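[1] fold the stuff below for me.
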Amino acid sequence: VLAVSVSKLDAAIPLFKKAVEANPKVEQFWLSYIGALTKLNKVGEARALLGQAKSHGVADEKLKKLEEQLSTPPKAVASLKEALDILVRLHNESKFQEAVELGEKLIKQYPNDPNIPNILGQAHFHLNQLEESIGYYESTIQLIPNHAETHYRLGVTLDNAGRCDDAIKSFNAAIELQPNYPEAFNGLGISHYQNGDYEEAIINYNKAIELKPYYAGAFINLAAAYIKSNYHEKAIRKYKAALQINPALSLAYNNLGSYLLEIGELKDAKKSYEKAVILKPNNAEAHYNLGNTLSDLGRHEEAIASYTTAINFKHTDAEAYYNLGNALKQIGNYGDASLIYKKAIELNPRNVAVYHNLGNALNDLGEHKKAIACYIKAIKLNASHAETYNNLGNALSDLGRLDEAIINYHKAIMLMPYNAEVYWNRHG
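    Predicted coordinates:
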């Protein structure tokens, strides 16, 4: 028997699934399965099954009725409480787009309920739709102005949108309503840090830690602010404190590695990044940073592996492609380097250094005309880069275009008058 009450639909879904898998030609099984998903507002899953049902012979007319149901508010929602239960479940299951679709229908039915815009704000945030998220949080605050958590969430979203001054106002509003709110103090510290006010950031991070002594994230943020304020020993202590609280904190090892790299402690930086990627193997930033450290240590083969891993986890990182190209060039693999540089240019066509280095790789491959085109593009983006004029002169010289080469050597000398190599090329 497949008919069940709405309250038991969730538990019945696996049974419906088994039924259609075992007997895909039974039309009623498909109709019951899709109908149950529709009542639970699992719109995406229900729509995905429509095509499968049709391929197994379910009548078009019956499927059309189900499609119409998917386009209208769910009939199973008989009360605000039931509606909110479904909305919260969708959010908690990370089905954010479905939560948005349902929430935007419900907000028309229940415009004065603050829970709906609040959940919509959270769902849009997870979808990286920040302006929509901000709008719904502001609507929530209009309905419940004394809700500290919504002011805090609004602050986080504003900060992510780059509106740090507005974020500071929201965090302060949350703290005014709830003075012992460590997350709000931490958020306030982040916004001050983003504004370059490191001393104010330090004050707020310390307040967050005072209220929540085992707040590892606040310790990491405090360490970063100490570095910016040149309190390097304090920074090291705070990173270590974060790791004492949570030894498996990849972010702390990554940030500590960045600090050690900055001060030239390459071997210790390498160890720190290695711990970061062990703890979180899909941490693209840590793999990228490890690649940079290995490159600085002259270990280019290992650097190539790290950059490649970083790219596997983050395909759109133009800098990772650029540095991978540099590492390939260092080991003499100019062909692969040129291909990687071209990918970096696809992702960021305004990076002068990539055109310059692609030109160098092509020049090393003997493809002087293509190299010249890259150097000219680099110069169009930045007409004051002396080394590009010098290398353009070299490529022109290799093609026997000496007059043009001399003109570019002269430009390089004007920009870099004390460079002996340019003079040598000019008069050689």
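[2] okay, CA-based contacts and neighbour counts for the rest of this
    Will do.
[3] ok, the closest residue to residue 67 other than its chain neighbours to residue 318 distance?
    Distances taken as CA to CA, 6 or more residues apart in numbering place residue 47 nearest to residue 67, at 7.6 Å, with adjacent residues excluded. To residue 318, residue 47 is 36 Å away according to CA to CA, to the nearest Å.
[4] which one of these two is surrounded by more residues?
    Neighbour comparison, residue 47 and residue 318: the larger count goes to residue 318, with 22 against 16 (by other CA atoms under 10 Å).
[5] isn't the more buried one up against residue 348?
    Yes - under the criterion of CA atoms under 8 Å, residue 318 makes contact with residue 348 at 6.2 Å.
[6] what helix or strand is residue 255 located in?
    helix 250-262 (DSSP states H and E).
[7] just checking, what packs against that helix?
    Where contact means 3 or more CA pairs under 8 Å, 6 or more residues apart in numbering; DSSP states H and E, helix 250-262 is packed against helix 216-228, helix 232-245, helix 266-279, helix 284-296.
[8] to residue 67, which of the ones you listed lies closest?
    Of all the helices and strands packed on helix 250-262, it is helix 284-296 that lies closest to residue 67, at 41.0 Å by CA to CA.
[9] who are the packing partners of that closest one?
    By 3+ CA pairs under 8 Å, 6+ apart, helix 284-296 packs against helix 250-262, helix 266-279, helix 300-313, helix 318-330.
[10] export these to a markdown table and tack on distance to residue 203 and mean pLDDT?
    Formatted as a markdown table, the helices and strands packed on helix 284-296 follow (distance: least, CA to CA, whole Å; pLDDT from 0 to 100):
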| stretch | distance to residue 203 | mean pLDDT |
| --- | --- | --- |
| helix 250-262 | 20 | 92 |
| helix 266-279 | 27 | 96 |
| helix 300-313 | 35 | 97 |
| helix 318-330 | 34 | 97 |
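[11] separation between residue 61 and residue 19?
    Residue 61 is 22 Å from residue 19, by CA to CA.
[12] ok, those two, which is more surrounded?
    Legend: neighbour count by other CA under 10 Å for residue 61 and residue 19, higher for residue 19 (18 against 9).
[13] what residues are up against the more buried one?
    With contact set as CA atoms under 8 Å, 6 or more residues apart in numbering, residue 19 has these partners: residue 29.
[14] which element follows the helix or strand hosting it toward the C-terminus?
    Assessed by DSSP H and E, residue 19 sits inside helix 9-22. Going down the chain from helix 9-22, the next helix or strand is helix 27-39, by DSSP H and E.
[15] now that following helix: buried residues?
    Buried residues in helix 27-39, defined by neighbour count with 16 or more other CA atoms under 10 Å: 27, 29, 30, 31, 32, 33, 34, 35, 36, 37, 38, 39.
[16] as a markdown table, those residues with pLDDT and distance to residue 187 would be great.
    Listed next are the buried residues of helix 27-39 as a markdown table, based on pLDDT from 0 to 100; distance: CA to CA, whole Å:
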| residue | pLDDT | distance to residue 187 |
| --- | --- | --- |
| 27 | 82 | 54 |
| 29 | 81 | 51 |
| 30 | 81 | 49 |
| 31 | 84 | 49 |
| 32 | 84 | 47 |
| 33 | 82 | 45 |
| 34 | 82 | 43 |
| 35 | 80 | 44 |
| 36 | 80 | 42 |
| 37 | 79 | 39 |
| 38 | 76 | 39 |
| 39 | 71 | 39 |
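[17] now the residues you listed in JSON lines, with distance to residue 83?
    Output for those, formatted as JSON lines (distance: CA to CA, whole Å):
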{"residue": "27", "distance to residue 83": "30"}
{"residue": "29", "distance to residue 83": "26"}
{"residue": "30", "distance to residue 83": "25"}
{"residue": "31", "distance to residue 83": "23"}
{"residue": "32", "distance to residue 83": "21"}
{"residue": "33", "distance to residue 83": "21"}
{"residue": "34", "distance to residue 83": "19"}
{"residue": "35", "distance to residue 83": "17"}
{"residue": "36", "distance to residue 83": "16"}
{"residue": "37", "distance to residue 83": "15"}
{"residue": "38", "distance to residue 83": "13"}
{"residue": "39", "distance to residue 83": "11"}
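[18] ok, of those residues, which one's closest to residue 215?
    Using CA to CA, the shortest approach to residue 215 within the buried residues of helix 27-39 belongs to residue 37, at 40.7 Å.
[19] how about low-confidence regions in this structure?
    1-10, 41, 43, 69-78, 418-428 (pLDDT under 70).
[20] so how far is residue 379 from residue 386?
    9 Å.
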